[in-house]
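Visitor: I would like to see how this sequence folds:
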Amino acid sequence: MTVNNFNWRPIEPESDILLRDDEFSFQFSAAGHPRLFIRIEKPTDASELRVSDFLVSNDEIPLAAQAFQHAADKIGIKFAGRCIRASNISTSSNDADDRQAFEAAQTKFSSVLEHMLLIVDDCRLDRSGSRSFDIVLKVL
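Guide: Numbers count the residues shown, from 1 in each chain. Below you'll find the predicted structure:
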């Protein structure tokens, strides 16, 4: 299957969840959901798991959970007992926009991880980037 001129493959024969990987990351999308895109950076065994793209709407949370579950079960990415850093959640210079983006990302990540029977123990905003901020979640 080709989406946006990239070669994607279904994670299972009848699945809508699509996967591709390169030397830098694993990338997930979904058939019929052109905006859904998740990128998990390699190496996946680093102390922090880096998610550099997490474009997931509220109604796509179950699809994102399937992608994360596949990453755990078939690729061997460990989510429990570590921190996940999602980068560039917002590039706004407005505190209210940043707060809203943080709360939305926290809710989405928590919901996805709950589908995997995991709990977010701590979640914080990291503004160490010059023009953007990251969300860092500690997963139990």
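Visitor: buried set for stretch 47-57?
Guide: 49, 50, 51, 52, 53, 54, 56 (16 or more other C-beta atoms under 10 Å). C-beta here means a position set from N, CA and C on the backbone, and glycine is covered the same way.
Visitor: before we move on, what about stretch 120-140?
Guide: Those would be 120, 123, 125, 132, 133, 134, 135, 136, 137, 139, for stretch 120-140 by 16+ other C-beta under 10 Å.
Visitor: looking at the residues you listed, which are in strands?
Guide: Among the buried residues of stretch 120-140, the members falling in strands (DSSP state E) are 120, 123, 125, 133, 134, 135, 136, 137, 139.
Visitor: now for those, which pair is the farthest apart?
Guide: Among those, the pair separated by the greatest distance (C-beta to C-beta) is 133 and 139, at 19.3 Å.
Visitor: farthest-apart pair in the buried residues of stretch 120-140, please.
Guide: 132 and 139 (22.1 Å).
Visitor: can you name the element that comes right after the worst-scoring helix or strand of the chain on mean pLDDT?
Guide: Least confident helix or strand of the chain, by mean pLDDT, DSSP states H and E, is strand 2-3 with a mean of 45. Toward the C-terminus, strand 2-3 is succeeded by strand 6-7 as the next helix or strand (DSSP states H and E).
Visitor: and that following strand, how far from the chain's centre?
Guide: Here strand 6-7 shows a centroid-to-chain-centroid distance of 20 Å under the convention C-alpha atoms, centre = their mean, to the nearest Å.
Visitor: in the chain, which residue is most central in space?
Guide: With distances taken as C-alpha atoms, centre = their mean, residue 54 lies nearest the centre of the chain, 4.3 Å away.
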